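Structure, please.
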Amino acid sequence: MTVPSFAEVNRIGSPATLRDLIRRVDLPDDQQWWSAVISVGQSGLTGAESGRPDAEQWATVLVEALDAAAQRPAFGLVSTVHRRMMACTAAMQYFGERAGDPARDPELVLRHLTTSLGGTTEAYLDRYRETLTRTLAEHDRVRAGDGDNRVVSSGRTWLDNTRTALVRMCEDLVPRLPEGSAREEAATWCAALPGIDAIREAAKTR
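Prediction:
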C-alpha cells in the first residue's frame with residue numbers, strides 16, 4: 001500500500017484513518033507531509049467548537065501524531081513541543097481531564113514537557129543560554145557574509161517554541177494540576193521564565 005500524498009493526507013476525514021496512517025513504518029521524512037498530518041488533526045480537534053461528534057477522538061490522534069512527528073528529523077521535537085502543549089490543554093478545555101490519557105492527564109502532560117525541555121530547569125536554562133549565544137554569533141556571521149541562515153533559523157525556532165510551550169504550561173496547565181508534588185514541580189518551571197528574560201537581556205549587552 002502506497003503512502004498517501006500530501007494532497008491525500010489533507011483529505012483525510014476520519015481520526016481512525018489518520019491514526020492507522022501515522023502508525024505505519026514506511027512514512028516519509030518530509031516536513032510538508034507531516035505538517036499536513038498535524039493540520040488535519042488540529043482541524044479535527046477544533047471541530048469541538050462547532051459540535052463535531054468525533055472531535056474527542058481527534059484530540060487523541062493529534063497528540064499521537066505530534067509525538068510521531070517529533071521523532072522525524074525533518075520535523076522534530078522543536079516543531080512539536082509547543083503544539084503538543086496547546087493541543088493537550090485545548091483537549092482538557094473541551095472534554096475535561098482523564099487520568100492515564102496522554103492528551104488529557106495534566107500530570108502526564110507536565111511530565112512529557114519537562115522531559116522534552118531537558119528534565120530540570122537548570123539543564124533547560126543552560127541550553128537556552130548556549131543556544132541563544134550560538135544563534136546570535138551565527139547571525140553576526142551571516143551579516144558578515146560567512147554564516148548559515150539555517151543555523152540561525154533553527155536556533156530561533158528552538159528558543160521561541162520551547163518558551164511558548166513553557167508559557168502555555170504555566171497559564172493553562174498549572175491550574176489543572178492537583179495540589180502536591182506535580183504542582184510544586186510546575187511552579188519551579190514557571191519560575192524559570194524570569195531566568196529566560198534575564199538571559200535575553202544579558203545577551204543584548206554582550
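
Please count neighbours and contacts with C-alpha atoms only from this point.
Will do.

and residue 95, what does it touch?
residue 56 (CA atoms under 8 Å, 6 or more residues apart in numbering).

Just list the residues touching the residue nearest to the spatial centre of the chain, thanks.
The centre of the chain sits closest to residue 81, judged by CA atoms, centre = their mean, with a distance of 1.8 Å. If you count contacts by CA under 8 Å, 6+ apart, residue 81 has them with 113, 116, 161, 162, 165.

Equivalent analysis for residue 56, please.
With contact taken as CA under 8 Å, 6+ apart, residue 56 is in contact with 45, 48, 91, 95.

Can you give the contact residues for stretch 199-206?
Stretch 199-206 is touched from outside by 129, 132, 133, with contacts defined as CA under 8 Å, 6+ apart.

buried ones in the top helix by length along the chain?
When secondary structure is assigned using DSSP state H, the longest helix within the chain turns out to be helix 121-143. Of the residues in helix 121-143, those with enough neighbours to count as buried (16 or more other CA atoms under 10 Å) are 121, 124, 125, 128, 129, 131, 132, 133, 135, 136, 138, 139.

Quick one: mean pLDDT for it?
Model confidence over helix 121-143, given as mean pLDDT, is 95.

circling back: which of the buried residues of helix 121-143 lies closest to residue 15?
Sorting those by distance to residue 15 puts residue 124 at the head of the list, at 34.3 Å, by CA to CA.

Hmm, residue 135 and residue 147 touching each other?
No - taking CA atoms under 8 Å as the contact criterion, residue 147 and residue 135 are not neighbours in contact, 10.4 Å apart.

Quick check: residue 36 touching residue 6?
Yes - A contact is recorded between residue 36 and residue 6 when judged using CA under 8 Å, the distance being 6.6 Å.

Comparing those two, which residue is more hemmed in?
residue 36 (18 against 15; other CA atoms under 10 Å).

Helix or strand: which one has the more buried one?
Taking DSSP states H and E as the definition, one finds residue 36 inside helix 31-46.

which parts of that helix are buried?
With burial defined by 16+ other CA under 10 Å, the residues of helix 31-46 counted as buried are 31, 33-38, 40-42, 44-46.

Whichever of the contacts of residue 81 end up buried, select them in ChimeraX.
Buried residues within these, as defined by 16+ other CA under 10 Å, are selected in ChimeraX through the command that follows:
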select :113,161,162,165
